[in-house]
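In: need a structure here:
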Amino acid sequence: MEIFRRLSFVVCHLNKSVAEQHLPKFLISHFSFLIPLMAILIAINGCGYRPASQYARHILPDPVYVDVRLSGVEPQNGVYLKEKIMKVLRTHFQERVVSDKGRSVSQITVPNYTISYSPLTYDTDGYVTRYRVTANIVFVLKTPKETLHKKISATEDVSIQPGSLTSTAAREYAIRVAIRKAMDNFIAWVAQKGYGK
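Out: Okay, the predicted model is just below:
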């Protein structure tokens, strides 16, 4: 904050006559705008800001192979989870994903994931009207240097209606939201681990 205070002081107290002698009038009107902007850009660059993708590269060098062991109960959730992991690697971490395990440098394996349901509220007849979906996902990261294990849990609450189609759609939606929340936690964990490297 001190650097910004000093720069604004300098800008505000510049000798106006010197500026008028050496700069065209259209630049003078924008002069007080350009200096603070340049100072902010220099400060951000100097603070060591790096995107999450750079921190991820420290812990997860590419190319990356992804393997999700499908559950026998709800395999479609495992397919969705694998798609989300691959999307996160490409969009958030700018990693190359390969389908051949032998060509990979790093691997992300999900040996186990479970989706569980907990009732929250009941109607007068004793039927569940609202429940909580919990996604528990175990991640194993294998890199040339180390193997890391992380279990991440995320929840989403869902209300259900008497119709079975509506209930099924609401349940599927809640499962996907819980998986997306778990992936957000995974992104933060990988970035934090890479930051310490």
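
In: going forward, measure contacts between C-alpha atoms and count neighbours the same way
Out: Will do.

In: how does the chain divide into domains?
Out: Split into domains by automatic domain parsing, the chain comes to 2-46, 53-195.

In: out of those, which is the most enclosed?
Out: Ranked by mean neighbour count under mean count of other C-alpha atoms under 10 Å, the domains of the chain are led by domain 53-195, which reaches a mean of 17.

In: which other residues reach the strand ranked longest in the chain?
Out: For the chain, the longest strand by residue count, based on DSSP state E, is strand 106-122. Residues outside strand 106-122 that contact it (C-alpha atoms under 8 Å, 6 or more residues apart in numbering): 60-69, 71, 78, 101, 128-144, 175.

In: in helices, which of those appear?
Out: Judged by DSSP state H, the contacts of strand 106-122 include 78, 175 as members of helices.

In: and the strands in the protein, which stretches?
Out: With DSSP E as the criterion, the chain has strands spanning 64-68, 97-98, 106-122, 128-142, 147-159.

In: which residues does Phe186 contact?
Out: Ile152.

In: an error on my part: the question was meant for Ser167.
Out: Neighbour list for Ser167: 160-161 [criterion: C-alpha under 8 Å, 6+ apart].

In: quick one, grab the pLDDT at it.
Out: Looking at Ser167, its pLDDT stands at 77.

In: just the one 10 residues further on next, same as before
Out: In the predicted model, Val177 carries a pLDDT score of 96.

In: grab the nearest non-local neighbour of it.
Out: Leaving aside its sequence neighbours, Val177 sits nearest to Glu156 (C-alpha to C-alpha, 6 or more residues apart in numbering; 6.6 Å).

In: mind listing what the one you found touches?
Out: Going by C-alpha under 8 Å, 6+ apart, Glu156 touches 132-134, 174-175, 177-178.
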